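In: Fold the following, please.
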Amino acid sequence: MNTQNRAVLASNGSEDGAAQLAGFATTIWRGKWRVAAVALLAVLLSAIYAVGLATPVFKSDVVLVLETREEQVVDLEGVISGLSSDASVVQTEVEVLRSRGLAQKVVDTLDLTADPEYNPVLRPPSPIDQLRGMIVAQMPALAPPAAVTQPSEAQTNAAVVTELLDHVTVQNVSDSLVFQLTVASTSPDKAARIANAFAEAYVLDQLQVKYDATRQATVWLTERVSELKLELERSEAEVKSFQSSTDLIDAETLALLDRQMKEIRDRLETARTDLAAARAFEAELAALDGPRAILALTGDALLRRLLPGEDAPLTESQRSAAEARIAQMQDRASLEAERAANRVIALDASVQDLESRISAQSRDLIALEQLSREAEASRLLYEYFLNRLKETSAQQGIQQADSRILSPAVAPIEAALPRVPLILAAAALAGALIGIGLELRRVAATGFGFRTAQDLEKTTGKPVFGEIPIIRVRDRKAYFNYVSNKPVSALAEALRNLRTSVVMSSPDRPPRVIMVASALGGEGKTAVSLSLAKQLADLGKKVLLIEADSRQGSLMEYLNIRHKGPTLSDALQADAEWQSITLHDIAPGLDVIPGGRHKKNAADLFADTALSELIEAAKRDYDMIVIDTAPVLLVSDARIIARLADSILFAVRWDATSREQVLDGINKFESLGHRVSGLVLSQVDPKGMRRYGYGSTYGPYAAYGTSYFRN
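Out: Numbers count the residues shown, from 1 in each chain. The predicted structure follows:
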């Protein structure tokens, strides 16, 4: 499929959719009075309910605001901090206002369990309850348990709370910390009283929560401070006991001992060096032989005086004195070595003693410091909790609520429910929708009628000989006067078109007997028969109009004739000659045979040969014969008479006769071999054509066609 074809299909689809939408709208418009009647009925019923039956309900609002600013009387840290402005906090407070616990406090404060509006147990029994009671009285086995019929106090209280919450709505004003609590009640004073009770209970609940938290914190802190005090006393006692049980020095003295230890160790090292030197000198002195060698080692001045020069021999006295001196020197060296050893031993003992003292003092000092730190920690913790206890105790009388009442509730003057204008508007809308639904259902049940000749021809396959506009006159007799007195009207032109179509439908053999039928009554077939006969007579032809609808015939009403003489039924039963029952000169060239009621069944009467003989005889005197028959879907008269007609016209009422009815009516004739020659679309409404969108382009009802007629 190319692009052009797709575009054509899309265009056709859109046109069909627009046509369907227009048809839907115009169908509703045509039934506007029925729709309006249903809407008006709905409005009346809703008005009766809203004004006379509904119990007025009053609503009272109390406005609260969440305080995020905390005004501190004293600079003390609170046990419970203030609320923030987070969305979760705001939503939480909304749920608190809706909570059953808060509602329970309101119920207890106002004693709502004694109010029948909120206590269902106190209400008079409803009609359903009364009916149930009657049934139970007759059938005790169906009685509910006593726990159901006689609820406990707790169940009653819970039911009152539930009922109260059903009358309460809470909402947060958008982008703010403001809450609006609304209470509905049948009494305006009660609504305001309950709303204020809710607000006061909410604020007091916040204060109570903070007070309870502070009191619980005070009790806990008191117990904790007592425990910490005992622990502090125990720690301090351990420090004192340790100090008294040990020869404890302080850290400065221990540092002094460390310095003393270092000095003694330095002296010990020096003493050990001196000892080694003394022992080396003693050993070397003992190893030398001869005074001169010892003199070279020691350089002793006394020994030098005792010895002669280097080459001189020693005398005995000199030798003895030198040896004595050498022995003296050796003894002194041994004494020095012994003294140095004793000094080393003494210093080493001092070092060991100091090390032992320092080690013991260090251990004791560490233990003391540990005990002191524990005691100090207990002291700090005790002091902190003691201060916190004092702050918390001071806060018990200065707690502030996190919310306050911004606008207290007042008793409303007017009832909030029922909203009469809204109810009436909703009822009007609902009624209109119901009316539209009923109208569419009615139209769907009866079927959509035909609005154009093209649509009628397309559906039936039969040509449309004429489209007769509707003439709004006072009664039927005025119609014939209109046809006779307005020869240049749109109706007259439509009738002339019908006459032309009938005469020219078979140029070689023009029809002489023309039968006009319809599917149902009220289709306009009698008006078409009379008008067509009148137009044929205007051509200079002699025309006979036969009223063959002997059941509900209305031809005499159109002619404004009160006929009391013999009728067609009399002629068919040989009670009268057909010439004698003919009404002559109804119009120039137009005669009429009136129908009439008779005892014999009309179908049996028309099936007899008398009617065919009458028509054959009339052909000798008249150029054209027009027969007005009964509705084909209601009785069989028309199907019987059709055998005598040269042409059958089938009248279809504009936008009224359903498609199924038209097709079924045509089939009634053609199933017997009687072909319907053409259709007549009768009672066409020009205004309706314009409403359906045909008023600007469609045939004689187009806007440009009005200048051709003088109606």
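
In: Only C-alpha atoms from now on, for both contacts and neighbour counts.
Out: Will do.

In: Show me what counts as buried in the helix or strand harbouring Tyr482.
Out: Tyr482 belongs to helix 476-485 when assigned by DSSP states H and E. Across helix 476-485, burial judged by 16 or more other Cα atoms under 10 Å covers Arg476, Lys477, Ala478, Tyr479, Phe480, Tyr482, Val483.

In: wait, what's in contact with the closest residue to Glu231 other than its chain neighbours?
Out: Of all residues not flanking Glu231 in the chain, Ser378 sits nearest, at 6.8 Å (Cα to Cα, 6 or more residues apart in numbering). Counting by Cα atoms under 8 Å, 6 or more residues apart in numbering, Ser378 makes contact with Leu228, Glu231, Leu232, Ser235.

In: do that again at 10 Å, thanks
Out: Contacts for Ser378 (Cα atoms under 10 Å, 6 or more residues apart in numbering) come out as Leu228, Lys229, Leu230, Glu231, Leu232, Glu233, Arg234, Ser235, Glu236, Ser372, Tyr384.

In: mind putting those in TSV, secondary structure and pLDDT included?
Out: Below are the contacts of Ser378 laid out as TSV (DSSP: H, G, I helix; E, B strand; the rest coil; pLDDT from 0 to 100):
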residue	secondary structure	pLDDT
Leu228	helix	91
Lys229	helix	90
Leu230	helix	93
Glu231	helix	91
Leu232	helix	89
Glu233	helix	90
Arg234	helix	91
Ser235	helix	89
Glu236	helix	88
Ser372	helix	87
Tyr384	helix	91
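
In: Can you tell me which of the residues you listed is nearest Leu97?
Out: Distance to Leu97 across the contacts of Ser378 (Cα to Cα) is lowest for Tyr384, with 37.8 Å.

In: Touching, the closest one and Lys229? I think so.
Out: No: in this structure, Tyr384 is not within contact of Lys229 by Cα atoms under 10 Å, at 11.5 Å.

In: Those two: which has the busier surroundings?
Out: Between Tyr384 and Lys229, counted using other Cα atoms under 10 Å, the more crowded position is Lys229 (17 against 13).

In: mind checking how far that one is from Ile546?
Out: Plainly put, Lys229 is 131 Å away from Ile546 if you go by Cα to Cα, to the nearest Å.

In: what separates the residue nearest to Glu231 from Leu644, distance-wise?
Out: 132 Å.

In: One more: Ser518?
Out: For Ser518, the distance to Leu644 - Cα to Cα - is 17 Å.

In: what about the two, which has more around it?
Out: Higher neighbour count among Ser518 and Leu644: Ser518, with 30 against 18, using other Cα under 10 Å.

In: Just the pLDDT for that one.
Out: Each residue has a pLDDT score; the one for Ser518 is 94.

In: what are the bridge partners for it, then?
Out: Ala651 (DSSP bridges).

In: Do I have it right that it meets Ser529?
Out: No: using Cα under 10 Å, Ser518 is not in contact with Ser529, being 11.2 Å away.

In: got the residue ranges for the strands in the chain?
Out: Ranges of strands in the chain, per DSSP state E, are 58-66, 168-172, 178-185, 403-407, 464-469, 513-518, 543-547, 583-587, 590-593, 624-628, 647-653, 678-684.

In: now the ones you listed in TSV, with distance to Ser46?
Out: Formatted as TSV, the strands of the chain follow (distance: least, Cα to Cα, whole Å):
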stretch	distance to Ser46
strand 58-66	20
strand 168-172	26
strand 178-185	22
strand 403-407	35
strand 464-469	42
strand 513-518	44
strand 543-547	53
strand 583-587	58
strand 590-593	57
strand 624-628	51
strand 647-653	39
strand 678-684	39
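
In: mind checking which of the ones you listed is nearest Leu131?
Out: strand 178-185 (28.0 Å).
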